[in-house]
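Novice: output the structure for:
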Amino acid sequence: MRINRPTISMITVLLMLAATPCQAEPPPDPAIEMKDSGITLTDGSSSYTFAKDGTFSSDPLGMSGRTFKGSWKIEDHSAGSAAKVVVEAKFGWINGLSPNDDYRRIVFFIYSGKTVPYERPDVVVGMLPQQYYKCYWLIDEMTKIAKPATSK
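Specialist: This is a model prediction of the structure:
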């Protein structure tokens, strides 16, 4: 049996290249996205908008539900991990009575993701975001607070 050395050499090189890990792009940083263009999160029943100017709003995706209006800031962030975002906002209701002095501190942890178009479910009516930041996120804390000094 005759050995074809050039063919074996080429196969060896190709196998080595295939086994070499590629340098993947780092995941997008939510803190940069928030500061550059703002982001909107959704949990299917509400939207949470972090505008690039530091304002925050949350509204129901349906005809009624809770609302929040206030401001946000990044409290703790390490590149490559979740951004800890603290919101101070006035709490209210759409289609319901709301006290005039109900404020909350909400702590979000937002992980890297990407902005994608929002697909409207057939059963949802009302104002929906055009796009949202698709990522893993959670609300770690929601605490009643006194009126923030920065609130109007």
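Novice: contacts and neighbour counts: CA atoms only from here.
Specialist: OK.
Novice: distance of residue 58 from residue 115?
Specialist: With distances taken as Cα to Cα, to the nearest Å, residue 58 is found 18 Å from residue 115.
Novice: neighbour-wise, which of the two wins?
Specialist: Comparing residue 58 with residue 115 by other Cα atoms under 10 Å, the one with more neighbours is residue 58, at 22 against 14.
Novice: which of the three states applies to the more buried one?
Specialist: Using DSSP: H, G, I helix; E, B strand; the rest coil, the structure places residue 58 in strand.
Novice: mind checking pLDDT for the residue nearest to it when sequence neighbours are not counted?
Specialist: Counting by Cα to Cα, 6 or more residues apart in numbering, residue 58 lies nearest to residue 48, which is 4.4 Å off, once chain neighbours are set aside. According to the predicted model, the pLDDT of residue 48 comes to 94.
Novice: repeat for the one 3 residues further on
Specialist: The predicted local confidence for residue 51 comes out at a pLDDT of 94.
Novice: residues in contact with the closest residue to it other than its chain neighbours?
Specialist: Distances taken as Cα to Cα, 6+ apart put residue 38 closest to residue 51, at 4.4 Å, once the chain neighbours are dropped. Residues in contact with residue 38 (Cα atoms under 8 Å, 6 or more residues apart in numbering) are 49, 50, 51, 52, 53.
Novice: in this protein, which spans are strands?
Specialist: If DSSP state E is used as the criterion, the strands of the chain fall at 39-42, 46-50, 55-60, 65-77, 83-94, 103-117, 131-145.
Novice: closest one to residue 10 among the ones you listed?
Specialist: When those are compared for distance to residue 10 using Cα to Cα, the nearest one is strand 103-117, at 39.4 Å.
Novice: now do that closest one, average pLDDT.
Specialist: Across strand 103-117, the per-residue pLDDT values average to 90.
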